[in-house]
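K.L.:
have a look at this prediction, sequence included:
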Amino acid sequence: MTSVRTDPRQSGRELALAVMCHLESYPPAEHEAAVTLLLNRPPSGDADGEDVIAAFTRDPPTRAYADELVALCVARRVEIDELVEDTSRSWRISRMDRVDRNVVRMATAELIARPEVPRAAILAEAVRLAGRYGSERSTSFVNGLVEALAKRIRPPAEAVP
């Protein structure tokens, strides 16, 4: 893929997911250096074209959204992980697939700290990312868990009679 999506939130989430998954390979003390390395020297791609990370890092609105989302996830990680585990009940966060875990973390962070982003958009994007980068079971897992988290964090407005 060589073109960046027109919606910086959508492409920013995709870049943030790559960064969040990348960070899991490093101890917390090395996170800043790992992010800098990934974003300033992204993979060059393959014979089919430029790597999506490289394309996204060059788009300022995409990069800005990704940077903010990653910072939010890192800063509030304990709170986010506790919410996810309390909501999931049957799945410890450490046992979740890497992509699923980070998609859920990002959606939870947005539900907590981005009230201007509609909860339906957050849910739809989480499902899209899980379907694109996760396993064959990721879509339904992420959909169910993020929907449950959304009900806890941002309950739907009650219908006015």
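P.N.:
Good, I have the coordinates.

K.L.:
which strands or helices does the helix or strand bottoming out on mean pLDDT in the chain pack on?
P.N.:
The weakest-scoring helix or strand in the chain, judged by mean pLDDT, DSSP states H and E, is helix 52-57 (a mean of 78). If you count contacts as 3 or more C-beta pairs under 8 Å, 6 or more residues apart in numbering; DSSP states H and E, helix 52-57 packs onto helix 8-23, helix 31-40, helix 60-75. To be clear about C-beta, it is placed using only N, CA and C from the backbone, and glycine gets the same treatment.

K.L.:
chain center to the second one, what's the gap?
P.N.:
Just to be clear, that refers to helix 31-40. Centroid separation for helix 31-40 versus its chain: 17 Å, with C-alpha atoms, centre = their mean, to the nearest Å.

K.L.:
and what of the first one?
P.N.:
On the basis of C-alpha atoms, centre = their mean, helix 8-23 is displaced by 6 Å from the centre of the chain it belongs to.

K.L.:
mind listing what's buried in it?
P.N.:
Buried residues in helix 8-23, counted by 16 or more other C-beta atoms under 10 Å: 8-20, 22-23.

K.L.:
repeat for the shortest one
P.N.:
Along helix 31-40, the positions that meet the burial threshold by neighbour count (16+ other C-beta under 10 Å) are 31, 34-35, 38-39.

K.L.:
hmm, who's touching that helix?
P.N.:
Helix 31-40 is contacted by residues 18-19, 22-23, 25-26, 53, 57, 63, 70, 74 when judged by C-beta atoms under 8 Å, 6 or more residues apart in numbering.

K.L.:
pick the one among these closest to Trp91.
P.N.:
Relative to Trp91, the closest of the contacts of helix 31-40 is Leu23; by C-beta to C-beta it sits at 20.5 Å.

K.L.:
domains in this structure, by residue range?
P.N.:
Domain assignment for the chain by automatic domain parsing gives 1-66, 76-154.
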